[in-house]
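>>> Okay, predicted coordinates and the sequence, questions at the end:
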Amino acid sequence: MPKDQTHRSRPHAASSTSGAGAGAGAGAAGPSYKALPIEKRDPTGLAGVSKLKASIRQTKRLLAKDTLDPGLRVQTERRLKSLEADLARAERRGVEKKNGEKYHMVKFFERQKLVRLIKRLGRQSDTLSELEKARVMLNYVLNYPNERKYISLFPSTSSTEPSTKPSLTLPNLLPNSDQPDPDLTVLGKGEKRRMEMLLRVRNMMRDGTLPAQPEKDLQDRDGQGDGEREARNRGARTAMGLGDELVAGVGGTEVGGHKGKKGKNVGAQEQEDEFFESD
């Protein structure tokens with residue numbers, strides 16, 4: 001009798017095992033993607049702009065209630081300030097990402113040109129001043145903060161105009177070491193900003209804040225991850241004297257100019273893009 005019971009129980013056990021296997025198979029066939037938490041998706045750990053704006057609206061609605069407990073009101077006001085600070089950081093991060101993608105190729109080509117010029121000038125003993133200028137410009141490209149729209153070093157060339165100069169020459173932007181700094185008041189807005197940053201980079205190289213031979217650091221920089229690049233960009237922004245300053249249109253006031261169909265400041269955009277290398 002016990003043997004018969006054992007014998008009869010085996011098909012049942014097998015059936016259960018088969019059912020479990022079918023369930024496992026169904027589970028394996030289903031979606032296995034699991035969304036990463038925000039702190040793993042973004043180096044700064046910030047929520048998205050839309051989510052932060054929604055939280056701010058909800059917090060303001062709560063503060064608008066007259067019956068809100070005084071203690072809870074204080075906590076909510078603190079939360080509102082924190083959310084607004086996070087929103088400013090998230091918007092800045094979005095601008096950095098947008099500018100980083102937009103000017104990536106321009107920076108890449110200018111970096112390649114400067115590296116070639118540095119190699120060429122390094123083989124010539126009578127061009128030390130030009131070599132220093134090329135290294136200053138390379139540091140300018142490498143450390144240009146993505147918060148700002150990039151101002152190109154090399155002029156854009158037209159294929160219809162005949163070239164009377166060599167194909168690759170160092171832009172005549174910086175004065176020699178024995179010459180005074182240029183008068184910034186006679187320069188246009190883009191030229192002035194570019195010259196200010198070039199002079200600042202040169203001073204930072206001389207006091208050791210930036211490397212004197214940036215071409216040797218390129219390999220290490222190219223191997224950095226997203227978090228390291230974000231930290232580097234923050235460091236560059238601080239080193240270049242920008243601090244937490246925001247670009248126009250992000251937590252600040254736009255520069256004068258008429259707006260286009262999408263509300264963009266067309267006059268300011270054209271003025272800003274005057275020195276950007278076209279695609």
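Nice, I can see it. What you see is a predicted model; the values in this text were computed from it and never measured. Numbering: from 1, shown residues only.
>>> Do me a favour and average the pLDDT over the longest helix that the chain contains.
Longest helix of the chain, by residue count under DSSP state H: helix 70-102. Across helix 70-102, pLDDT averages out at 89.
>>> And that helix, what's buried?
76, 80, 83, 86-88, 90-93, 95-96, 99-100 (16 or more other Cβ atoms under 10 Å). C-beta: built from backbone N, CA, C; applies to glycine.
>>> Using CSV, lay out those residues together with distance to Arg116.
Compiled in CSV, the buried residues of helix 70-102 are given as follows (distance: Cβ to Cβ, whole Å):
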residue, distance to Arg116
Thr76, 58
Leu80, 53
Leu83, 48
Asp86, 43
Leu87, 43
Ala88, 40
Ala90, 39
Glu91, 37
Arg92, 34
Arg93, 33
Val95, 31
Glu96, 28
Asn99, 25
Gly100, 23
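>>> To what extent is Ser152 buried, counted in neighbours?
Neighbour count of Ser152, defined by other Cβ atoms under 10 Å: 21.
>>> can you check Thr169 too?
Neighbour count for Thr169, taken as other Cβ under 10 Å: 11.
>>> if we can go back for a sec, please name every helix or strand in contact with the longest helix of the chain.
When contacts are defined as 3 or more Cβ pairs under 8 Å, 6 or more residues apart in numbering; DSSP states H and E, helix 70-102 sits against helix 49-63.
>>> among the buried residues of helix 70-102, which two are most distant?
Maximum pairwise distance among these (Cβ to Cβ): 35.5 Å, between Thr76 and Gly100.
>>> quick one, helices of the protein?
2-29, 38-41, 49-63, 70-102, 104-122, 128-143, 189-206, 218-222, 226-239, 266-272.
>>> weakest of the ones you listed in terms of mean pLDDT?
Lowest mean pLDDT within those: helix 266-272, a mean of 41.
>>> okay, how far is it across stretch 140-150, tip to tip?
Stretch 140-150 stretches 10 Å from its first residue to its last (Cα to Cα, to the nearest Å).
>>> was I right about Val136 contacting Leu198?
Yes - counting by Cβ atoms under 8 Å, Val136 does reach Leu198; the two are 6.1 Å apart.
>>> what about the two, which has more around it?
Under the criterion of other Cβ under 10 Å, the comparison of Val136 against Leu198 puts Val136 first, with 24 against 21.
>>> so what's the more buried one up against?
With contact set as Cβ atoms under 8 Å, 6 or more residues apart in numbering, Val136 has these partners: Leu174, Leu198, Val201, Arg202, Met205.
>>> between these, which is closest to Ile56?
Val201 (37.8 Å).
>>> Quickly note the distance from that closest one to Leu142.
10 Å (Cβ to Cβ, to the nearest Å).
>>> repeat for Leu80
Applying Cβ to Cβ, the value for Leu80 to Leu142 is 39 Å.
>>> Check Asp86 too.
For Asp86 relative to Leu142 (Cβ to Cβ), the value is 29 Å.
>>> now Ala134
From Ala134 to Leu142 the distance is 13 Å (Cβ to Cβ).
>>> try Arg93
Between Arg93 and Leu142 the distance is 20 Å, computed by Cβ to Cβ.
>>> How many residues are close by Asp147?
Slight slip there: residue 147 is Glu, not Asp. Glu147: 22 surrounding residues under other Cβ under 10 Å.
>>> Quick check, it in contact with Glu96.
Yes - Glu147 lies in contact with Glu96 (Cβ under 8 Å); the separation is 5.7 Å.
>>> who has more neighbours, Val201 and Leu142?
Val201 (26 against 20).
>>> Please list all residues in contact with the more buried one.
Neighbouring residues of Val201 by Cβ under 8 Å, 6+ apart: Val136, Asn139, Tyr140, Asn143, Leu210, Met240.
>>> same deal with Ile56?
Taking Cβ under 8 Å, 6+ apart, one finds Leu80, Leu83, Glu84, Leu87 in contact with Ile56.
>>> All set, thanks.
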